[in-house]
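Enquirer: I'll drop the sequence and a predicted model, then ask my questions.
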Amino acid sequence: MAESDVFSRIEIIRGDITAQAVDAIVNAANSSLLGGGGVDGAIHRAAGPELLEECRGLGGCETGSAKITRGHRLRAAYVIHTVGPVYRDGAQGEAELLASCYRASLELAARHDCRTVAFPAISCGAYGYPPEQAADVSISAVAAVLGRTEIPERVRWVLLDPRAFEAYDARLRQTRG
Ligand code: AR6
């Protein structure tokens, strides 16, 4: 697929990911998968206690991997839980782990026939990843996957934090020239 077509399947908006009417939303979780603050807390609150119940059966998740559950009370049919890297100095394999979160999430989405997927800015909150660097790694990783598969058809970042929004939006505009 031509590169321009790939980037036209990516959208970046401001907002609360929990309200998204997509097939799957991605959660920036921790390795316990038993909830936390930030977007993780917001998703668990919106999905209801059934989400935590389902997560208890998953046995956690490694950094850079992903697991899938139902969306329960969310509009999204599924939640894909991924664990981003904690950012230290950028020389501890953070970029490869962050890219791996996106690849693993999109693989699960495709396997469950999710045509539309929404991501938060994984690792850009409590885990301290600088949004400008995360935008670069994340958009490249997603574009590479979209270049070799038709599903998901569309990927949307839903960004609450203004700095993250500016960084991802600028990065996408750059790729579009
Ligand atoms: N919708 C969209 N984005 C949001 C929302 C929301 N409702 N709420 C927060 N964000 P973080 P991390 C943004 O800290 O850095 C949790 O406690 C937020 O502004 O949620 O991967 C987990 O349990 C930021 O830009 O995730 C882990 O322990 C982005 O989401 C740890 O935090 C990610 O921030 C994971 O840290």
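Expert: The structure has been received and is ready for your questions.

Enquirer: what about the closest residue to I151 other than its chain neighbours, how many neighbours?
Expert: Excluding its sequence neighbours, the residue lying closest to I151 (CB to CB, 6 or more residues apart in numbering) is A110, at 4.8 Å. Where you see a C-beta, it was placed from the backbone N, CA and C, and this is true even at glycine. Using other CB atoms under 10 Å, A110 has 16 other residues around it.

Enquirer: next, the buried residues of the helix or strand where A110 lies.
Expert: A110 belongs to helix 94-111 when assigned by DSSP states H and E. For helix 94-111, burial by neighbour count (16 or more other CB atoms under 10 Å) applies to 94-95, 97-106, 108-110.

Enquirer: which other helices and strands does that helix contact?
Expert: On a contact count with 3 or more CB pairs under 8 Å, 6 or more residues apart in numbering; DSSP states H and E, helix 94-111 meets strand 24-29, strand 66-70, strand 78-83, strand 116-119, helix 131-146.

Enquirer: burial measure for P130, as a count.
Expert: Counted with other CB under 10 Å, P130 comes out at 16.

Enquirer: pLDDT score assigned to the residue nearest to the spatial centre of the chain?
Expert: Nearest residue to the geometric centre of the chain (CA atoms, centre = their mean): F119, 3.2 Å. If you check F119, the pLDDT there is 99.

Enquirer: hmm, stretch 138-156 in reach of the ligand?
Expert: No - legend: contact between stretch 138-156 and the ligand by CB under 6 Å from any ligand atom is lacking; minimum distance shown is 11.1 Å.

Enquirer: quick check: buried residues in that stretch?
Expert: S138, I139, A141, V142, A143, V145, L146, I151, P152, R154, V155, R156.

Enquirer: distance to H81 added to those, as CSV?
Expert: As requested, these are exported to CSV (distance: CB to CB, whole Å):
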residue, distance to H81
S138, 17
I139, 21
A141, 17
V142, 17
A143, 23
V145, 18
L146, 21
I151, 20
P152, 17
R154, 21
V155, 17
R156, 18
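
Enquirer: related to what we said a few turns ago, can you give me the angle the helix holding A110 makes with strand 78-83?
Expert: Put simply, helix 94-111 runs at 160 degrees to strand 78-83, going by axes from the mean of the first three to the mean of the last three CA atoms, to 10 degrees.

Enquirer: ok, residues contacting helix 94-111?
Expert: Contact partners of helix 94-111, identified using CB atoms under 8 Å, 6 or more residues apart in numbering, comprise 23-24, 26, 63-68, 78, 80, 82-88, 117, 119, 122-123, 129, 133-134, 137-138, 140-142, 145-146, 149, 151-152, 155.

Enquirer: so who does the residue nearest to A170 when sequence neighbours are not counted touch?
Expert: Excluding its sequence neighbours, the residue lying closest to A170 (CB to CB, 6+ apart) is A135, at 7.4 Å. Contacts for A135 (CB under 8 Å, 6+ apart) come out as A121, A164, A167, Y168, A170, R171.
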